[in-house]
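Trainee: Quick one: sequence and predicted model below, then my questions.
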Amino acid sequence: LTSIEGSEASSPVLTQPAGNNATPLGSKSTAEDWRLLCIDHFARNRPRWEKHSFEKKPLCNSVHTRWLEGKPLHQLRTVVFLRFISEICKMIIRRFTSAFGFAVASAGIFTRQGECFSPAGSKPKRSFLHQLDRVLSKFQNPEEQLKDYLYLNGNYAPVSTELVNAPVEVVEGALPPELDGLFARNGPNPVKDRLSRKYHWFDGHAMVHNLRVRDGRAYYTNQFVPSARYRVEKEMDEDFFPGLGEYSGVLGLIKILFHPTMVREKVSDLKTVAPPNTNFFLFRDRFYALNEASVPLELRVLEDGRLEPVGYELFGGALDYPMSAHPKIDSRNGDLLFHGYAVEADLVKEHGTMKVGRLSACTGEVESFFNPLGEDYVTFAHNMMHTDNYMIVYDCNVHFDAAGMFDGGPFFRTKDGYNLRFGLVPKNATGPDEVVWVDTGNPGAVVHPLNSWEEPDGTIVIWTPFCRNLLIDLESEDINEFLMVEFRIDPATGRVTRETIDNSLNVEFSDIPSTGGSFERFGYTAIQDLSTAGEGSFSGFCVWDMAERELRKAVYYREGDEGGEPIAIKADDGSVYVGVHVHNKNEDQSYFLLFDGESEETDCLIARLKLPQRVPFGFHGVWVSGKDLRSHFAHHEGSSRGERAADQGVREAPNTAFLS
């Protein structure tokens, strides 16, 4: 490439070989000149394995010539430029591979729009950026990390077998015959044979572990959640999508620069890329899988426990921002209360670092969705709360820090000089001017609050595990200390008090047997200590009495058992139970335990169920009552009838039963 002196805008000139003559192509060149140049270039640079068949056919029949026909001049110039860049990259790759002594599977010739040729019968073609990503992953040496990574071993190791409606043996006690519903547990589960890049526990594909309980019996189904991410990688038979584990050092910085463009080659909306592996949620008879970096994925639960994808939920186009994995339902009117935070630069520039919203159950529309924070930093706002009159978000002292890219540390870090603040958002608010922020006067963070409510005098009460110096680093051997505290807030004056309820137990992962927002006497949290393997594994659970403002009891699992999140279950007769998946490391066997949630005794096990396969440690679960489950089945059966009627030219009346 040279420049024609004196030509318009010093446009580049490229010489087209044509026999022994050379024709300059400059700013006055026609599209046909460039097209002929591209055809000649492709003809002379076909891979050897394809060259013979290419030369036997007329030039105009080649795939390149057919693509080039009718293309405007700027696209043709782009083709040649991309080819030029690809040749330089291949030269660099060859030098590196020869120096380090391993072969790179990027020997194909890069061509139009970033695609590359591949022999017949091979895997789908990889784009230039995909090839570059694979090369950089090789240099990151993921094999060593994958071999020794805690969250790929022991009971964190993924499972590959998918069971459907497998009978579950009750080996101790008995299931209450009146207990009817579905216990759905979510968590990361990568396809281990496909792993070829550095891994982070949060990166794994979502897998559901469904336990259907009815008439004193139980049945187990597990399945990869059919997200866009999972289906693309299953078709490609490789781990195409980037993960948090890769983003460290110079190579991680290079990757993060082109990864959004590479991902859009397969999934156009980046808000649907994150694995929905964090939580499940039922709203208006619709079942969702959630991840706080994504929009909700709606799923259909079949009667045998399997899942079918419905689509990503955008609430009529209003959801233009990621939604957290912990939305709430206002029990008074059925409204959906939700929020989210983002670190992606374009989203932050357009919408800010946090948004909170409300979807009306009466209209089915999002009536408010705005940024309540007004700060330029990204705070770790994993969860939210609500009361009769307020949605409550929080701003803690843990902020996103891109320095993790360079030093290999966590991306969210504790920042000095910041206190925990609560944002009181009136439920009918439409903008940030109506939000009242109250400073607790205490540096610290909240992750999974237990409950919040308003007392008759208007005081807001919050019970939550509280951590002064939260470290979000799976590589650290230290565990965070969370103590149960009570905050009391006067919305009129902004005065906040804090009292530690108990300082003897390290507790996290909280649940109550309702949707929250009003007083509930008993709440449940997991107990974490050094006896368990790592994050997401617990030695027991404790029961909190919010009427007596005390720790009611602590229940520890038997020797060898390590459990996940305890889930509060309210049966149709009002009885409260606690269900939890545990893994016995001595037997390498998974069980489901059901406890009496209201008994004063610590020995309150009701039933111990032996599961037909191992259930890895995961994140969150949800209990769906039999009544709600049958309503979900009816909703989708009604949708199917409507689709069939539409196919026959019959328009049915819309189903508005959820409005009541």
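Mentor: Yes, it's here. Being a predicted model, the structure only gives us computed values, none of them experimental.
Trainee: For the stretch 201-350 of the chain, which segments are assigned as helices?
Mentor: Assigned by DSSP state H, counting those that start in this stretch, the helices in the stretch 201-350 of the chain fall at 228-236, 249-264, 345-351.
Trainee: what's the most buried one of those?
Mentor: Per-stretch averages of neighbours, counted by mean count of other C-beta atoms under 10 Å, single out helix 228-236 among the helices of the stretch 201-350 of the chain, with a mean of 18. The C-beta positions use only the backbone N, C-alpha and C, and glycine is treated the same way.
Trainee: wait, isn't residue 590 in contact with residue 617?
Mentor: No. Residue 590 is beyond contact range of residue 617, at 10.1 Å (criterion: C-beta atoms under 8 Å).
Trainee: pLDDT weak spots in the stretch 101-250 of the chain?
Mentor: 101-124 (pLDDT under 70).
Trainee: Swap in 50 and give it another go.
Mentor: Applying pLDDT under 50 to the stretch 101-250 of the chain flags residues 101-122.
Trainee: those strands in it, which residues are they?
Mentor: Under the criterion DSSP state E, counting those that start in this stretch, the stretch 101-250 of the chain carries strands at the ranges 166-167, 169-173, 181-188, 206-214, 217-224.
Trainee: residues touching the residue nearest to residue 463 when sequence neighbours are not counted, list them.
Mentor: With C-beta to C-beta, 6 or more residues apart in numbering as the measure, residue 450 is the residue that lies nearest to residue 463, at 4.3 Å, once sequence neighbours are left out. Shown in contact with residue 450 (C-beta atoms under 8 Å, 6 or more residues apart in numbering): 463, 464, 465, 484, 510, 511, 512, 523, 525, 544, 546.
Trainee: Could you check how far residue 450 is from residue 131?
Mentor: Note on residue 450: its distance to residue 131, by C-beta to C-beta, to the nearest Å, is 49 Å.
Trainee: Which pLDDT value belongs to the residue nearest the centre of the chain?
Mentor: Residue closest to the average C-alpha location in the chain (C-alpha atoms, centre = their mean): residue 291, at 3.3 Å. Residue 291 is assigned a predicted lDDT (pLDDT) of 97.
Trainee: Likewise for residue 540?
Mentor: Reported pLDDT for residue 540: 97.
Trainee: Repeat that for residue 403.
Mentor: Model confidence at residue 403, given as pLDDT, is 81.
Trainee: burial of the nearest residue to it once chain neighbours are set aside, as a residue count?
Mentor: Nearest non-adjacent residue to residue 403, counting by C-beta to C-beta, 6+ apart: residue 409, 7.1 Å away. Using other C-beta atoms under 10 Å, residue 409 is surrounded by 17 other residues.
Trainee: So which of residue 590 and residue 617 has more stuff around it?
Mentor: Remark: of residue 590 and residue 617, residue 617 carries more neighbours, 26 against 22, as counted by other C-beta under 10 Å.
Trainee: Grab the nearest non-local neighbour of that one.
Mentor: Nearest non-adjacent residue to residue 617, counting by C-beta to C-beta, 6+ apart: residue 536, 4.6 Å away.
Trainee: give the contact list for the one you found.
Mentor: Taking C-beta under 8 Å, 6+ apart, we find residue 536 in contact with 187, 201, 564, 565, 617, 618, 619.
Trainee: Select, from those, the two members most distant in space.
Mentor: Farthest pair in the contacts of residue 536 (C-beta to C-beta) is 201 and 565. Separation: 14.8 Å.
Trainee: Look at these two and report which has more neighbours.
Mentor: Between residue 201 and residue 565, counted using other C-beta under 10 Å, residue 565 has the larger neighbour count: 27 against 24.
Trainee: wait, doesn't the more buried one sit right on residue 621?
Mentor: Yes. Counting by C-beta under 8 Å, residue 565 does reach residue 621; the two are 6.0 Å apart.
Trainee: Which strand residues bridge the residue lying closest to residue 169 once chain neighbours are set aside?
Mentor: With sequence-adjacent residues excluded and distances taken as C-beta to C-beta, 6+ apart, residue 169 is closest to residue 610, at 4.6 Å. Note on residue 610: beta-bridge partners by DSSP bridges are residue 169, residue 591.
Trainee: what residues are up against residue 610?
Mentor: Contact partners of residue 610, counting by C-beta under 8 Å, 6+ apart, are 168, 169, 170, 171, 589, 591.
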